[in-house]
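Enquirer: Sequence plus predicted model, see below.
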Amino acid sequence: MKQGVAKQPGSVAPSTLATRVCYSSFAIIRTNVRPAPLLMQDVWSLGVVLFAMLAGHLPFHTSSGNKQELCQKIMDGTFSMPSYLSPVAKDVLYK
C-alpha cells in the first residue's frame, strides 16, 4: 500500500509544521492579538513550504538560531526573495 507523503520516512508531518516557529504566521506569534482564522494560518504555512521548495531554504531564518529574532522577522515580514526564481514564482510567493 502506498503511503502519503506525510507518512513516508524523512518527511515532515502536518502536526510538525504547526509547532515550528519558522512555519508560523505572525498572527500565531503575536500573543496580544486575536488569532487569525485557521485557514489563513494554513495558507501562510503553505506559502512558507512553497518558498522552501522553490528557493531551497526557509524564508525566515537567523544565522544565530535566536528564536526571538526569528519571531521578529516573521512579524515584520522580513525576508529576501532569491534572484534566481522566475518572475512567475516570485509573483505567486508575494501573493
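Expert: Noted; the coordinates are in hand. None of these values were measured; they are calculated from a predicted model.
Enquirer: So for stretch 51-61, mean pLDDT?
Expert: The average pLDDT within stretch 51-61 is 90.
Enquirer: Lys67 versus Ser80, what's the distance?
Expert: 20 Å (C-beta to C-beta, to the nearest Å). Any C-beta I mention is one placed from the backbone N, CA and C, and that applies to glycine too.
Enquirer: Repeat that for Lys95.
Expert: Distance from Lys95 to Lys67, by C-beta to C-beta: 28 Å.
Enquirer: In terms of neighbours, single out the busier of those two.
Expert: Lys67 (11 against 7; other C-beta atoms under 10 Å).
Enquirer: What segments of this protein are helices?
Expert: 14-19, 26-29, 38-55, 67-76, 87-94 (DSSP state H).
Enquirer: I'd like to know which of those is closest to His61.
Expert: Ranking the helices of the chain by distance to His61, with C-beta to C-beta as the measure, places helix 67-76 first at 7.0 Å.
Enquirer: Who are the packing partners of the closest one?
Expert: With contacts defined as 3 or more C-beta pairs under 8 Å, 6 or more residues apart in numbering; DSSP states H and E, helix 67-76 has these neighbours: helix 26-29.
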